[in-house]
Structures are given as structure tokens and as C-alpha cells.
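1. Okay, here's the prediction I keep looking at, along with the sequence it came from:
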Amino acid sequence: MENKPWLDSSCGLSFFRMIPKIEIMAHLQDPLKPGIQKHARITAPIKRGYLQFLGFELFFRILGIAIFTPLSAGLATQIITRSSSGAISNYDIAGFLLSPIGMAYIIAVSTISFALMFFEFGGLTALSIGLQKDRRVSLPQLFRFLGTSLPRLWRLSVRQFLAYLIIALPCLAITGGAYFIFLTESDINYYLQVKPPAFWYAVSIAGIAALVFAFFAIRLFISWIYSVPILLLDGSNPAKALEESKLMTRDSRRDIFVMLLKWLGVLALLLLGLWGIMVVLKFLLLGLAGQKVALVLTMTAVLVVVHFLGSSIISILATSSFAYLISYHFLKLRPNTPLPDAIGGPQNALLQRASKLLNTSWALVVVISALTLSAAHFMIGSVDFRDSTSITAHRGSSITAPENTLAAIMLAVEEGADYVEIDVQETKDGSIVLVHDKDLLRVFGIRKGIWEVTYDELKDLDSGGWFSSEFSDQRLQTLDQVIKAVKGKAMLNIELKFNGHQKQLATEVVRIVRENDFQDQCILTSLDYQGLRRAKAAGPEIRAGIIVTSALGDITKLETDLLSVSASAVNRDLIDRAHAKDLEVHVWTVNDVPTMNRLIGMGVDSIITDSPKLLAEVIADRAGRSNEEIILLHLAEFMNQRF
């Protein structure tokens with residue numbers, strides 16, 4: 001008898017069990033069809049015109065590099081140089097920004113940035129509408145049209161910037177008020193370290209103010225989201241475009257907000273996916289390369305190029321998809337909006353040739369190969385094999401002993417520090433002592449400023465017990481005592497802490513240095529540029545350096561002998577420009593091996609660290625390695641930093 005498995009009871013039972021599933025799937029697929037069809041209708045124009053988006057973005061970014069960025073930087077430089085020597089740093093920034101010329105700087109930079117964003121958004125929106133209306137847009141004519149519309153885009157940006165500023169000012173005032181009410185009784189370092197209730201009150205108020213600003217700013221952003229296409233497509237003036245956009249979004253703000261959240265979610269997933277791909281590729285490619293320098297260099301360069309291309313694609317996709325979504329919803333509300341005749345036309349011949357070129361696989365190979373070689377050349381060129389970096393112990397060996405005490409200073413000397421960085425301030429009786437905070441609360445438990453007490457009142461107090469009972473025998477040191485203790489053993493980086501109550505801090509420090517014949521064994525540094533200039537005028541033979549926490553302009557133009565900058569702000573370009581002007585570059589505050597290796601490889605002159613022993617070990621380890629091993633080390637740190 002013929003075997004008929006479909007008659008088998010178990011098979012038959014299985015078959016009948018599947019029937020409900022088939023019916024369920026059929027019911028599920030039917031509701032999905034409209035959604036799938038809708039998605040296809042939305043994305044079909046994108047598939048047809050992706051090359052136009054790519055071409056526009058590439059040309060726009062080339063224009064940004066070649067024209068917009070230099071013009072904006074030139075304008076900012078002109079404004080800054082009219083009020084200073086070429087750069088403004090630290091304390092001087094607030095005064096500059098609150099001055100008339102500083103306000104002009106803020107408005108100019110902000111509105112130009114807004115206008116350029118509108119330029120890009122307007123171009124991508126025009127392309128999106130053209131694709132949805134099946135009308136070809138000529139890129140050269142589009143750029144010409146946007147160029148002639150730039151004055152109106154700038155006026156629109158001024159209106160929007162001022163509106164956001166009006167929202168921001170009360171929030172900033174509330175945050176500033178919270179700071180002055182809760183965080184000015186003692187030194188800010190006390191609040192940051194101890195975090196008393198007053199600190200959390202201020203943080204909570206600032207957080208609420210930030211949320212209030214975000215709410216109204218997002219609401220305003222959504223209300224005006226159609227203002228750029230209205231201005232460009234209707235030829236409206238900025239005021240009318242804003243008002244019309246507000247009317248169009250009145251009943252759909254929530255829907256637009258949800259759409260933007262979804263867009264951000266997809267963008268986040270793309271970035272997460274790129275990160276995951278890079279992590280996998282890193283382990284695969286570097287695992288294959290082993291310890292062979294040429295292979296590691298090549299694989300690292302390939303990873304850099306892949307990351308660059310992936311990031312660029314996601315960036316272009318993000319801006320293009322945002323513009324497309326806005327234009328899609330805009331056309332749903334105003335389907336009869338025409339494109340200006342000025343931007344119509346056939347596809348540019350150059351773009352047609354680029355399309356054919358991009359469709360050939362060898363072109364992609366050539367591009368990736370060229371970028372890989374460039375990346376490899378850059379990475380090799382960024383390695384400095386001289387390893388001439390000195391060690392500066394930040395407030396002594398402050399990771400092991402209490403800051404600015406003799407124990408921390410002498411321990412730093414034992415651990416191999418070339419410089420010991422110390423903080424000096426002036427007491428009520430004019431003594432120059434080692435104290436970091438402007439008040440005595442954190443170290444001595446006294447709610448007084450250093451300028452309110454004499455040295456005799458402080459000299460017998462415990463200055464190390466706050467750190468550990470092991471150091472309760474430490475006492476407040478004067479600058480003169482420390483110079484005598486380290487002379488011939490290490491140099492000093494003397495940071496002058498101008499607290500607003502000093503009388504003769506700069507001149508007294510110079511006098512003490514001279515009395516000890518210590519001019520060639522120390523440098524003077526400060527956050528206060530004007531105070532540092534006074535110290536330099538009093539002791540021109542002593543090297544002096546500005547500590548830069550924030551700056552506007554080119555800091556290499558400052559009148560100084562060295563720059564002391566944050567590890568997050570330093571780069572090879574800054575180092576090269578500084579060295580070209582015979583300026584040293586000191587970098588703070590670095591306590592991890594990867595960053596130490598990276599900075600040494602970049603050729604910084606000194607690294608400021610809380611752990612001089614660790615930095616000494618890193619330098620000794622590098623000294624025992626070959627150039628090939630240094631390259632491998634540099635590449636490993638490069639990869640760990642990015643992926």
C-alpha cells in the first residue's frame with residue numbers, strides 16, 4: 001500500500017493545528033499591507049533621488065570648508081582682535097561677552113550658524129519636494145537660488161535667535177541666582193568635593209530651569225518647523241513665514257514631536273549599529289594583524305576610514321531624512337505648493353558622470369584605498385619619537401598625600417617629578433602660603449577667606465588630616481620654605497591664585513623667587529591673564545604661562561612663554577603652532593596611562609598629573625621600546641580612544 005503521510009494521524013493533527021496560525025497570519029498581513037504600501041510610497045522618491053541628496057550635501061560641505069567657515073572665523077577673529085591681543089581666555093571671557101562688542105560677537109556667530117543651517121535645510125527640503133512632485137531640481141540653480149535667498153534666511157535666523165534668547169535669559173538668571181545664593185559662601189571646590197545640601201539645591205534649581213527652557217524651546221522649534229520652506233517657496237518675508245508656520249502646526253504639534261522622537265530613535269540605532277560594527281571589526285582585523293607593525297597600521301587606517309565613511313553616511317542620512325520628513329508633512333498640508341522656476345532643470349552633467357562612477361566597484365576601492373593611505377600617513381606623522389615630555393606633579397603627589405603639603409611635595413620629588421606644581425595665595429599679613437581654595441573650609445574647617453587670617457594664625461594648624469590621619473602632622477607651608485626644600489632637587493610650577501583680595505601677590509612671589517636665586521628653576525602660571533602680565537612685568541627673567549580653561553580666538557597669540565591647557569583641548573595642530581612660536585605646551589590633569597601615552601606621542605612639553613610615579617613608569621617603559629613598538633603602542637591607544 002502506498003505510503004500517504006498526510007493520512008497519518010499525527011501529521012494530520014499537525015496540519016490542522018497549523019490552520020489557525022495560517023488564518024492568523026493572513027489577518028495580520030492584511031492590516032500590514034497599507035502600512036507597507038504607504039512606506040513604499042514615502043521612500044520611493046528617496047531611492048530615485050538619493051544621488052541628489054548626496055551631491056547637495058557634498059557641495060554644501062565643500063562650500064562650508066572653502067567659504068563659510070573661513071568667513072565666519074575671520075569675522076569672529078576681527079571682533080576679538082578689536083578688543084584684545086588675538087585671544088580671550090578664562091575670566092576675561094565673561095567680561096568680553098557682556099560688553100557691546102561681545103554681544104555683537106554672540107549675535108554674529110549665532111545668527112550666521114542659524115542661517116547656514118537654514119541654507120542646508122532649505123536646499124534639502126527643495127530637493128525633497130521636487131522628488132515628491134516628480135520634478136527635477138538642478139543643483140547649480142538650487143545653490144544660486146539659496147545664495148540669493150541668504151539675506152532673508154539670515155533675517156529669519158536673527159528673529160529665531162532672539163526668540164530663543166528671550167526664553168533662555170530668565171532660565172539663565174534663575175540658574176545664576178541659585179549659584180550666588182547657594183554656592184558662593186565657600187570656595188567652589190568645597191561644594192564639588194563635599195556636596196553639601198546647598199550644592200544639591202543649586203543643582204536642582206538649575207535642572208528645573210534647564211527643563212523649562214527645553215520645553216519652551218522645543219515648542220517654539222516645532223511651531224516654526226515649516227518657516228524655512230514657506231520663506232523659500234512662497235517668497236515670504238521672515239515674519240510672515242514664522243506666523244504661517246505657527247498656524248500650520250497649531251493642531252499637529254504632538255504628532256510632529258512624536259515624529260521627531262522616532263527620527264531620533266532611528267538615528268540612535270544607526271549610531272549604535274556603527275559602533276557595534278567598529279568594535280567587531282577592531283577585534284577581527286587587529287587580531288589578524290598580530291604584532292606586525294605594517295599590518296596593524298594598515299588595519300587601523302582601514303578602521304579609521306570605515307568609521308569616517310560610516311559617520312559621514314549617517315550624518316548625510318540624518319539631515320536628508322529630516323528634511324524629507326518635514327517636506328512630506330508640509331505637502332500633506334499644502335499639496336499645491338509649487339517649486340520656484342529658478343531651481344528647475346535637468347540633472348547636472350557632472351552629477352550624471354558621478355552617478356556612473358559611483359556605480360562601479362573599482363571607484364569605491366580607489367576611494368577607500370586613497371583614504372586609507374592618507375589615514376596611515378597622518379597617524380605615523382602624528383607620533384613624536386623624541387619623548388621629551390617632563391613630569392609635573394599636580395600640588396605634589398596629591399593622589400598619595402594631601403595637596404600642597406611638604407609631604408606631597410617631597411614625595412613627588414622622590415617619585416621623579418621634574419616640576420612640582422603648587423598654588424600660592426596671600427594672607428592678611430602679606431605672607432605667601434600654599435593654599436588652593438580661596439577659603440579655608442575644605443582643608444582647615446574654617447569658614448574664612450585666606451585674606452582674613454594671618455600666617456601666625458594658621459601655621460600650627462593641621463593641613464593634612466582632612467586627607468588622612470596619617471598626615472595630621474603636616475603644617476601650612478610658605479613659598480620661601482618650599483623653595484628652600486626643593487632647590488636643586490626639582491623645579492616649581494608656581495600658580496598664582498588671584499582671589500580678588502590680594503595686595504601684592506605678584507610682586508611678592510617675584511621677590512621671594514629672586515631672594516632664593518630660583519629664577520631659572522621655576523615658572524609662574526595663572527588663570528588670570530592680567531595678573532600674570534603683572535608678575536611678568538615684575539620679573540621678566542622668569543618664565544610665565546597662562547592656564548587656559550576656555551578661550552576665544554588663537555591662544556598662541558597671547559603674550560606668554562607657555563600654555564597650560566586641558567588634556568581634552570590639546571591637539572597636534574595646537575602643539576605645532578605653539579612650538580613654531582617657541583611656546584611650551586603643558587597639559588593637565590592626566591592620571592591614566594592611555595592618555596599619558598597619547599600626549600607623550602603628540603610631543604607635549606609637560607604632563608601635569610596627580611600621580612608622578614605612574615607617569616615616570618610610563619616614560620621609563622617607552623624608553624625601553626623600539627620605534628616599531630612605540631608605533632604599535634600609539635595605534636593601540638588611538639583605537640581604544642575611538643572604539
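-> It's in. From a predicted model like this one, the values you see are computed outputs, not experimental measurements.
2. going forward, measure contacts and count neighbours with C-alpha atoms only.
-> OK.
3. what domains does the record give for this protein?
-> Split into domains by automatic domain parsing, the chain comes to 12-381, 390-610.
4. With respect to residue 625, which of those lies nearest?
-> domain 390-610 (12.6 Å; C-alpha to C-alpha).
5. one step back: would you mind finding the most buried of the domains of the chain?
-> Neighbour counts (mean count of other C-alpha atoms under 10 Å) averaged over each of the domains of the chain peak at domain 390-610, with a mean of 20.
6. end-to-end on stretch 477-493?
-> 15 Å (C-alpha to C-alpha, to the nearest Å).
7. which residues in the stretch 301-450 of the chain form helices?
-> All helices of the stretch 301-450 of the chain, identified by DSSP state H, counting those that start in this stretch, fall at 349-358, 361-381, 406-414, 441-444.
8. just to revisit the earlier point, just give me the lowest mean pLDDT stretch among the domains of the chain.
-> Least confident of the domains of the chain, judged by mean pLDDT, is domain 12-381 with a mean of 80.
9. tilt between the longest strand belonging to the chain and helix 406-414?
-> Looking across the chain with DSSP state E, the single longest strand is strand 419-426. Orientation check (axes from the mean of the first three to the mean of the last three C-alpha atoms, to 10 degrees): strand 419-426 against helix 406-414 gives 150 degrees.
10. Walk me through which strands strand 419-426 pairs with, and which way each runs.
-> strand 390-394 (parallel), strand 432-434 (antiparallel), strand 491-496 (parallel) (DSSP bridges).
11. what does it contact?
-> 390-396, 404, 409, 412-413, 432-436, 450-451, 479, 490-499, 502-505, 608 (C-alpha atoms under 8 Å, 6 or more residues apart in numbering).
12. Now do stretch 127-141: distance to the chain's middle.
-> 36 Å (C-alpha atoms, centre = their mean, to the nearest Å).
13. Sorry, slip of the keys, the one I care about is stretch 315-330.
-> With C-alpha atoms, centre = their mean as the basis, stretch 315-330 stands 25 Å off its chain's centre.
14. Keeping just the C-alphas, turn that stretch into CSV.
-> Extracted in CSV, the C-alpha atoms of stretch 315-330 (Å, rounded to 0.1, in the frame of the first residue of the first chain):
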residue,chain,number,x,y,z
SER,A,315,25.3,62.3,9.1
ILE,A,316,24.1,62.9,5.5
LEU,A,317,21.2,60.4,6.0
ALA,A,318,20.2,62.2,9.2
THR,A,319,20.0,65.7,7.6
SER,A,320,18.4,64.4,4.4
SER,A,321,15.8,62.2,6.1
PHE,A,322,14.9,65.1,8.5
ALA,A,323,14.3,67.5,5.6
TYR,A,324,12.4,64.8,3.7
LEU,A,325,10.1,64.1,6.6
ILE,A,326,9.3,67.8,7.1
SER,A,327,8.7,68.3,3.4
TYR,A,328,6.4,65.2,3.3
HIS,A,329,4.2,66.6,6.1
PHE,A,330,4.4,70.1,4.7
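15. what residues does that stretch touch?
-> If you take C-alpha under 8 Å, 6+ apart as the criterion, stretch 315-330 is touched by 53-54, 57, 121, 124-125, 128-129, 132, 225-226, 229, 263, 267.
16. Please repeat the previous calculation with a cut-off of 7 Å.
-> Here stretch 315-330 makes contact (C-alpha atoms under 7 Å, 6 or more residues apart in numbering) with 53, 57, 121, 124, 125, 128, 129, 267.
17. Is it correct that the second one falls within a helix?
-> Yes. Assigned with DSSP: H, G, I helix; E, B strand; the rest coil, residue 57 falls within a helix.
18. so how far is residue 498 from it?
-> Between residue 57 and residue 498 the computed distance is 49 Å (C-alpha to C-alpha).
19. related to what we said a few turns ago, could the contacts of stretch 315-330 go into CSV alongside distance to residue 469 and secondary structure?
-> As requested, the contacts of stretch 315-330 are exported to CSV (distance: C-alpha to C-alpha, whole Å; DSSP: H, G, I helix; E, B strand; the rest coil):
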residue, distance to residue 469, secondary structure
53, 66, helix
57, 62, helix
121, 62, helix
124, 66, helix
125, 67, helix
128, 69, helix
129, 72, helix
267, 52, helix
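20. Could you list the residues in contact with stretch 246-257?
-> Applying C-alpha under 7 Å, 6+ apart, the set of residues contacting stretch 246-257 is 222, 223, 224.
21. same thing but at 10 Å, please
-> 218-227, 240, 242, 259-263, 325-326, 329-330, 333-334 (C-alpha atoms under 10 Å, 6 or more residues apart in numbering).
22. can you name the two of the contacts of stretch 315-330 that are farthest apart?
-> Top of the distance list for the contacts of stretch 315-330 (C-alpha to C-alpha): 129 and 267, 22.2 Å.
23. what's near enough to touch residue 265?
-> Residue 265 touches 259, 271, counting by C-alpha under 10 Å, 6+ apart.
24. what does the one 5 residues further on give?
-> Applying C-alpha under 10 Å, 6+ apart, one finds that residue 270 lies in contact with 264, 276, 310, 311, 314, 318.
25. go with 6 Å
-> If you count contacts by C-alpha atoms under 6 Å, 6 or more residues apart in numbering, residue 270 has none.
26. do the same with residue 548
-> 564, 565 are the contacts of residue 548 under C-alpha under 6 Å, 6+ apart.
27. Could you pull up phi and psi at it?
-> Main-chain torsions, residue 548, degrees, to the nearest 10: phi -110, psi 110.
28. Check residue 509 too.
-> Taking degrees, to the nearest 10 as the convention, residue 509 sits at phi -60, psi -40.
29. If the nearest residue to it once chain neighbours are set aside is in a bridge, with which residues?
-> Distances taken as C-alpha to C-alpha, 6 or more residues apart in numbering place residue 432 nearest to residue 509, at 7.2 Å, with adjacent residues excluded. Bridge pairing for residue 432 (DSSP bridges) gives the partners residue 426.
30. For residue 432, give its distance to residue 498.
-> From residue 432 to residue 498 the distance is 12 Å (C-alpha to C-alpha).
31. ditto for residue 477
-> 18 Å.
32. Perfect, that will be all.
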